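dropping a prediction and its sequence here:
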Amino acid sequence: MNRSLMRGLLAAVALALLALVWWGWHEGGLALMQLGMGVC
């Protein structure tokens with residue numbers, strides 16, 4: 001495997017992980033807001 005391919009693969013994995021974390025946080029935040037509104 002050449003270096004540029006490895007770097008591109010690493011960047012793709014990092015980007016996918018970041019998107020997954022952002023999506024999970026967003027979904028969790030919405031669920032928490034709905035729970036908070038239900039309690040109030």
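Ah, there it is. Numbers count the residues shown, from 1 in each chain.

all helices of this protein, in order?
3-39 (DSSP state H).

where does pLDDT dip in it?
Of all residues in the chain, none has pLDDT under 70.

what distance do you get for V21 to L30?
Note on V21: its distance to L30, by Cβ to Cβ, to the nearest Å, is 15 Å. All C-beta spots, glycine's among them, are computed from the backbone N, C-alpha and C.

no wait, V39
Going from V39 to L30 by Cβ to Cβ gives 15 Å.

neighbour count: the two, which is higher?
More crowded of V39 and L30, by other Cβ atoms under 10 Å: L30, with 10 against 6.

quick one: the more buried one from W23, how far?
From L30 to W23 the distance is 11 Å (Cβ to Cβ).

could you do M1 as well?
Distance of M1 to W23, computed by Cβ to Cβ: 29 Å.

can you pick out the residue with more neighbours from the two?
Using other Cβ under 10 Å, the more surrounded residue of M1 and W23 is W23, with 10 against 6.

quick one: the more buried one from A16, how far?
Applying Cβ to Cβ, the value for W23 to A16 is 11 Å.

now W25
Distance, W25 to A16, by Cβ to Cβ: 15 Å.

likewise for L35?
Applying Cβ to Cβ, one obtains 28 Å for the distance of L35 from A16.

how about R3?
From R3 over to A16 (counting by Cβ to Cβ), the distance is 20 Å.

settle it for me: which of those two has more neighbours?
A16 (10 against 7).

and the more buried one, what does it touch?
By Cβ atoms under 8 Å, 6 or more residues apart in numbering, the contact set of A16 is empty.

A31: how many residues sit nearby?
A total of 10 residues lie near A31 under the criterion other Cβ under 10 Å.
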